[in-house]
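# here is the input, now give the coordinates:
(chains A, B, C, D and E, ligands or ions: 5)
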Amino acid sequence: EGTIRIVEQFGTLYTPFHVMKEQKLVEKHGKALGLDIKVEWAKLSGGSAVNDALLSGNVDVAGAGIGPFLTLWDRTRGTAQEVKIIGALGAQPNYLVTNNPNVKTIKDFTKADKIALPAVGVSVQARVLQIAAQQAFGPGKEKQLDDITITLPHPDATAALLSGSTEITAHLSNAPFQDQALADPKIHKVLSSYDVLGGPVTPTFVYSTVRFKAENPKTYKAFFDAFREATAWVDTHKSEAAAIYVKAEKSKLDPAFVEKVLSDPDVKYTLTPLGSQKFANFLADIKAIKTRPASWKDYTFDDLHNDQGS
Amino acid sequence: MSELDLGAATGLHRRTVRGSLSPARLWRHTGVRRLVILAGLAAIWQVAALWQNNPLLFPTFTDTALAFIEAARSEGMLWSALASVFVLLKGYAIAIVLALVLVSGAVAIPFVRDVLQTLTAMFNPLPAIALLPLAMMWLGLGEKALLLVLVHSVLWPFALAALSGFEQVPETQRLVGRNYGLRGPSYVVRILLPAALPSILSGLKIGWAFAWRTLIAAELVFGVSSSQGGLGWFIYRSRNELLTDRVFAGLACVILIGLVVEMVIFRFIERRTVLRWGLQR
Amino acid sequence: MSELDLGAATGLHRRTVRGSLSPARLWRHTGVRRLVILAGLAAIWQVAALWQNNPLLFPTFTDTALAFIEAARSEGMLWSALASVFVLLKGYAIAIVLALVLVSGAVAIPFVRDVLQTLTAMFNPLPAIALLPLAMMWLGLGEKALLLVLVHSVLWPFALAALSGFEQVPETQRLVGRNYGLRGPSYVVRILLPAALPSILSGLKIGWAFAWRTLIAAELVFGVSSSQGGLGWFIYRSRNELLTDRVFAGLACVILIGLVVEMVIFRFIERRTVLRWGLQR
Amino acid sequence: MSVSASPAPTFAPAAAAATVPPALEARRLTLDYTTDAGTVRAVDSVDLTVAEGERLVLLGPSGCGKSTILKALAGFIPATSGSILVRGKPVTGPGPDRLVVFQEFDQLLPWKTVRDNVAFPLRVARKVSRAEANARAEAALARVGLTRALDAFPHALSGGMKQRAAIARALAADPDVLLMDEPFAALDALTRRQLQEDLLALAEELKFTLVFVTHAIDEAVLIGTSLHLLSPHPGRTLATRDTAHFGLADVGSPAFESLTREVHGLLFDKAAHV
Amino acid sequence: MSVSASPAPTFAPAAAAATVPPALEARRLTLDYTTDAGTVRAVDSVDLTVAEGERLVLLGPSGCGKSTILKALAGFIPATSGSILVRGKPVTGPGPDRLVVFQEFDQLLPWKTVRDNVAFPLRVARKVSRAEANARAEAALARVGLTRALDAFPHALSGGMKQRAAIARALAADPDVLLMDEPFAALDALTRRQLQEDLLALAEELKFTLVFVTHAIDEAVLIGTSLHLLSPHPGRTLATRDTAHFGLADVGSPAFESLTREVHGLLFDKAAHV
Ligand SMILES: Nc1ncnc2c1ncn2[C@@H]1O[C@H](COP(=O)(O)OP(=O)(O)OP(=O)(O)O)[C@@H](O)[C@H]1O
Ligand SMILES: Nc1ncnc2c1ncn2[C@@H]1O[C@H](COP(=O)(O)OP(=O)(O)OP(=O)(O)O)[C@@H](O)[C@H]1O
Ligand SMILES: O=[N+]([O-])[O-]
Ligand SMILES: [Mg+2]
Ligand SMILES: [Mg+2]
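Ligands and ions are numbered 1, 2, ... in the order given. Now for the predicted structure:
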């Protein structure tokens, strides 16, 4: 009790964390519970590294994509290291964007196209594309498009797409890269993860081990309350949040652009997991995880069980 | 005369040693000592992993061995490894040839040497990530880009080692070569290369290792359209799926290949050349 | 006597050369030749970038230079670089010392040499990614883990170069050292190290370059637990914001540091040692 | 003879020999080494002429520049001033027409067996087949008593054996001009005498031109058709002597002994060792 | 002195000298080299004894194993069979009590100036201060005529200068036992004679024990208190001679000349060169 170590990644979805840091919300809620909490923030890149940090006991709370989370949950279920979701970082769509005017739907892709995404086959984006392919081409055809996908980190993929001088013609992207890409008139949206998963999706989660919560109930509660407050605050103070983001990340982005990204009507800052169970089912279908969760509540701490999650 | 009859009896002599089985004799055999060392390392690994008891981060040796067999059987890990080795050898060979040409130019022409030293100092510290945009733009995202990154990772360190080797060749041996009228490429091939072989070999070993490091890192980014993919991709995929024993199996595959290359190929070359010639102890 | 009065007049003599300004004399000055080469490379870069006209992937030299100045002024890029250099030097120094200890053991004890050669063949090809889980498990998320990765990237190649250098020391010089009763560390320091200095220096250069490569790659994963990050983090952040000119400015910073280290430090050491001693041309 | 220039061929147009330029000629040859700390003058304004088939011996105290002159004649060291002519043409670099036996023990190529070392210049010249080259190498090695070491690598030879292999290598290659730097210094008396005899016989037979460095004055008188005595560092011409009339039969004769003593006196009596 | 083992001290308790074990002793010393292709016997069952302050000279044809014996006495090569004793104790390895002047030119440490090279063994022994070591180095270098090269690095020396520096280094270190392998081979007659005289004077003064290899028979007779003649490869003892009574004044005397001739005959008359 009294110490919490939090690891975050890069991106606008982590704005609630920046707010918690900036406004010392965890400390505030700790005091309310009569606890002096020491908060340590770390920044890593990549879900695998985040999971390693959690498993090695170097952090208590981690933020990463749904893919790495579900994998970790599946592998640690029933062990001392079992992990569960504290809350989502917010609902945000992933767009498939292209600079090929002929592509209106994913059926229009040809062998000449290359779709960039992080980690072919295994990233969230890759799974979204596979689900979309299943919907478009029929059951068992989820790997239809895999042959024209190519692994490329978001920044490079965006640069390649914008420059138009490489083989990359499409990119299953992420904020704020997709917003930057769509600012270019030559680039248009082919689909959104919301279409594929039938509604808003929270692609990134904050999670911790069951043991941490059991051993540090007050610290956990302080974090949860702070997280909830920050998330609600961001959802209602987009322009201040954008300023905090720019400051915290020492970003060179125009604060107005960040505010626009945060204010996208599709974006909602909420703790409630959305669209996650469909995703988990798909992973179970293709045997990427061994356990098929009966409900999204299986892998979420009970603080959120009364919410309308999915 | 018979006592100095070098060369001819070599093979026979070795076979005799190999035939006997006393422990002291066996111990004198490099392969045996290496096996003992490897067994010791495996034991340390096993104990450390059992003690840590954190299989998702650090699987035991036995789990890894099982995963290795399983991956080799049903996942085609060895084919992935073979695919990686082919690409790697291609990049490695290009880099070595390129480096030797540059270094030969550098020993012949002072200005080329300045250029080479400047380029090496500039590009050697750059990580592969730096080349990504240029590779995409000029070479696309296929094997060519992967080769570019491989060449980059091998070229500069090998050129450094080779240049240093060439520059250390004893003056008298240089003079002998030039005295016989050797110039240009034949001077390099017939004098500098054999005389600098110890440094060249150390450069080759370093280059080989870095080719692997880079290949595994780069397969995450380049040329992986989902169907195929080499050992790096296998490791990355396993890591993403938190199949740590398979990650370690993939790395063990890299280690095994490294050991084979070192103990079979490089040792063989060394025994036949620098050790035999007294250029190295 | 006066003609052979080596050593004393060195400084003066150089200063005389530096004083004169005829083009031919200037050209003989390494620094001048290097500047010309750098200017040439910058010009090639500028033309290629203008011709490609693709600033998101390949900014021009002038844009990069402006971004460099801007980042140095307002972003503290140079402070980030300094932070990186400090961590890097720490890891580098640990790796060099460790390698020298291992290699010294290896030249003294055949079994240690077997162990070292086996470890090198095994670990040298492993990419940093392989060490991350173990580094985190044992050393946490801070600088220590970063140092482990750095040490890994420098230790093995440098040990290879140093061992090869030690093994190439001419027999007579070894005998001389042992004749004077030198053993153990003093034998290594007073005989093997200076005699193998050309190979050691080439190993140091290679290690230096790979420390940078690894640091930049590893700073993306590690070491940003505290307030600021190093140059790697600066590059990563700029890349994430698609500020390609700043990415290139960060890389240019790496290049500049590499050039300074090579042209000032390593050149200086070489001129004072191996070139002066006739160990290298 | 004084320190001034030896008569250049152009001053004696009537002589028959003048139509054939000398095999080797150095005019006012000055040689410097550039070191870290400045320039070291090793050889100062030396003139020498070696006609076709002649044998010039350089004699002088240690460090006087004998090896430096030899390396300059071979084309390895450019003249600071003065000139070097081979058959009347200025030397531009080293070449297989002027083979060198160096003073150093490490002149064998460590990666070749003794046989291959000796066959190497023949193979490089591409004048003979591999079998022929090996046969000639073996014959030359037999001459210097190294038959038992044909397949040994140089690092397993004794000092004298290395020098003998180097001598065999030069002799087997059948050069126009042979430049030998103390080739017999590491040899025992018997081997030395045998090789002196061999060298003289070969010189008669193959008519090569020889420049030979030695410290042994009797060897100098025996081998040379003329002697060139050098002063201590930096090397200047002290004197030259014609010794063409001394052969093997004269060793120990009064004339031979008296010349030997005279040379010793010339070299060392006024030599002020630093 | 015969080929059989010298009397061990314990067997002659009455003799005064017998209480002092000999400075160096080799008993049935056999030395092999292991090469790639098997074993080469270099030295075959050689016995030798060098009493304190004596000077033993090894003489024999090139490749007969002289350098090998010297390296074994220095402790660099283990005996295949037989034994080597220093003051009665078996040799276990090299040590500064037995300093070696090697045959090779590259025995100077390239990274030290000539002065530092000569001062090096003194510095290693830590017996004297830096200033004292430098002073002794400079004095020794002056003796071998290298004052002008004090600050030069070895690569800028001529062959003979390198050998002289190595000799100075050994002499400056004031060893108990000095092992010299053809130290004067690369030197001119005058320097050679000077250094021979110096060596003899120092031996008288400092009473060191010397083992000396040379090819020059007159040098052997002059330097040695006893000669040890070796057969061609592999080296076996041919004969030994006591030469303690020859000094500098005897050079050229009939007795000197006759011994020289006798040794020449012993070494070479029946020697069948392979
Ligand atoms: N590489 C070098 N750099 C600088 N000076 C040198 C170099 N080589 C030789 N010297 C100097 O040039 C002079 C002549 O050297 P050289 O080797 O020609 O002498 P030498 O007559 O062959 O002597 P020795 O009989 O000892 O072999 C020496 O005094 C030496 O100091
Ligand atoms: N490193 C080695 N490996 C194998 N054989 C060797 C080695 N060194 C010397 N020999 C052999 O041992 C024999 C004796 O060599 P050594 O150097 O003792 O001769 P040496 O009497 O000193 O001759 P020299 O007068 O030519 O210097 C030689 O025949 C040589 O072939
Ligand atoms: O290039 N690497 O050092 O992995
Ligand atoms: Mg010389
Ligand atoms: Mg010898």
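# helix, strand or coil for the residue nearest the centre of chain B?
The C-alpha lying nearest the average C-alpha coordinate of chain B belongs to B:Trp208 (Cα atoms, centre = their mean; 2.3 Å). For B:Trp208, the secondary structure call by DSSP: H, G, I helix; E, B strand; the rest coil comes out as helix.
# what do you get for A:Ile86?
strand.
# now swap in B:Ala145 and tell me
Taking three-state DSSP, the label given to B:Ala145 is helix.
# count the residues that sit near it.
For B:Ala145, the neighbour count with other Cβ atoms under 10 Å in any protein chain shown is 22. For every residue, glycine as well, the C-beta is placed using N, CA and C.
# surely D:Gly53 is in contact with D:Phe208?
Yes. Judged on Cβ atoms under 8 Å, D:Gly53 makes contact with D:Phe208 at a distance of 7.4 Å.
# quick check: residues of the stretch 51-200 of chain B near chain E?
Applying Cβ under 8 Å from any Cβ of the partner chain, we find that the stretch 51-200 of chain B lies next to chain E at B:Glu171.
# hang on, the earlier thing: name the residue in D:Gly53 and D:Phe208 with the higher neighbour count.
Relative neighbour count places D:Phe208 above the other of D:Gly53 and D:Phe208, with 20 against 14, counting by other Cβ under 10 Å.
# can you tell me the closest non-neighbouring residue to the more buried one?
Residue nearest to D:Phe208 in three dimensions, not counting chain neighbours: D:Leu178, with 5.3 Å by Cβ to Cβ, 6 or more residues apart in numbering or on different chains.
# is there proximity between stretch D:173-184 and ligand 2?
No. Using Cβ under 6 Å from any ligand atom, stretch D:173-184 stays clear of ligand 2, coming no nearer than 11.6 Å.
# so which strand or helix has D:Arg164?
Assessed by DSSP states H and E, D:Arg164 sits inside helix D:159-172.
# kindly report the same for D:Ile84.
Using DSSP H and E, D:Ile84 sits within strand D:81-86.
# for that strand, which residues meet the burial criterion?
D:Gly82, D:Ile84, D:Leu85, D:Val86 (16 or more other Cβ atoms under 10 Å in any protein chain shown).
# what is that strand packed up against?
strand D:24-35, strand D:38-50 (3 or more Cβ pairs under 8 Å, 6 or more residues apart in numbering or on different chains; DSSP states H and E).
# okay, angle between the first one and strand D:38-50 too, please.
It stands for strand D:24-35. Calculated by axes from the mean of the first three to the mean of the last three Cα atoms, to 10 degrees, strand D:24-35 forms an angle of 170 degrees with strand D:38-50.
# quick one, strands of chain D?
D:24-35, D:38-50, D:55-59, D:81-86, D:89-90, D:98-101, D:177-181, D:209-213, D:226-230, D:237-242 (DSSP state E).
# now check the top helix by length along chain D, is it near chain E?
Identified as the longest helix of chain D according to DSSP state H is helix D:189-206. Yes. Helix D:189-206 lies within reach of chain E by Cβ under 8 Å from any Cβ, at D:Ala189, D:Leu190, D:Thr191, D:Arg192, D:Gln194.
# most neighbours, which of these?
D:Thr191 (23 neighbours).
# starting at the chain centroid, how far to stretch A:137-149?
Relative to its parent chain, stretch A:137-149 has a centroid offset of 23 Å by Cα atoms, centre = their mean, to the nearest Å.
# buried residues of it, list them for me.
Under the neighbour-count criterion of 16+ other Cβ under 10 Å, stretch A:137-149 has A:Glu142, A:Lys143, A:Gln144, A:Leu145, A:Asp146, A:Ile148, A:Thr149 buried.
# so which of the residues you listed also contact chain B?
A:Lys143, A:Asp146, A:Ile148, A:Thr149.
# which two from these end up farthest apart in space?
Using Cβ to Cβ, these span at most 11.1 Å, a distance reached by A:Lys143 and A:Ile148.
# and the strands in chain A?
Ranges of strands in chain A, per DSSP E, are A:3-8, A:38-43, A:61-65, A:83-88, A:95-98, A:115-117, A:149-151, A:170-172, A:188-192, A:204-209.
# angle of the second one against strand A:61-65?
Spelled out, it's strand A:38-43. If you take the same axes, to 10 degrees, strand A:38-43 sits at 30 degrees to strand A:61-65.
# is strand A:38-43 anywhere near chain C?
Yes. Legend: contact between strand A:38-43 and chain C by Cβ under 8 Å from any Cβ is shown at A:Glu40, A:Trp41, A:Ala42, A:Lys43.
# now the ones next to chain B among the buried residues of stretch A:137-149 in TSV, with pLDDT and distance to B:Asn54?
TSV is the format used below for these (pLDDT from 0 to 100; distance: Cβ to Cβ, whole Å):
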residue	pLDDT	distance to B:Asn54
A:Lys143	84	34
A:Asp146	83	33
A:Ile148	86	39
A:Thr149	85	33
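# so what's the closest residue to ligand 4 within chain A closest to, chain neighbours aside?
Per Cβ to the ion, the residue of chain A with the smallest distance to ligand 4 is A:Asp156, at 63.5 Å. Closest residue to A:Asp156 apart from its sequence neighbours, by Cβ to Cβ, 6+ apart: B:Leu132 at 5.7 Å.
# test my guess that that neighbour contacts A:Pro155.
No. B:Leu132 lies out of contact with A:Pro155 (Cβ under 8 Å); the separation is 9.7 Å.
# nearest to chain E, out of the strands of chain A?
Among the strands of chain A, strand A:38-43 comes nearest to chain E, with 47.9 Å by Cβ to the nearest Cβ.
# distance between stretch B:22-33 and the chain's centre?
Counting by Cα atoms, centre = their mean, stretch B:22-33 comes out at 26 Å from the chain centroid.
# in contact with D:Ala79, which residues?
D:Ala79 sits next to D:Leu29, D:Thr30, D:Leu31, D:Ala72 when contact means Cβ atoms under 8 Å, 6 or more residues apart in numbering or on different chains.
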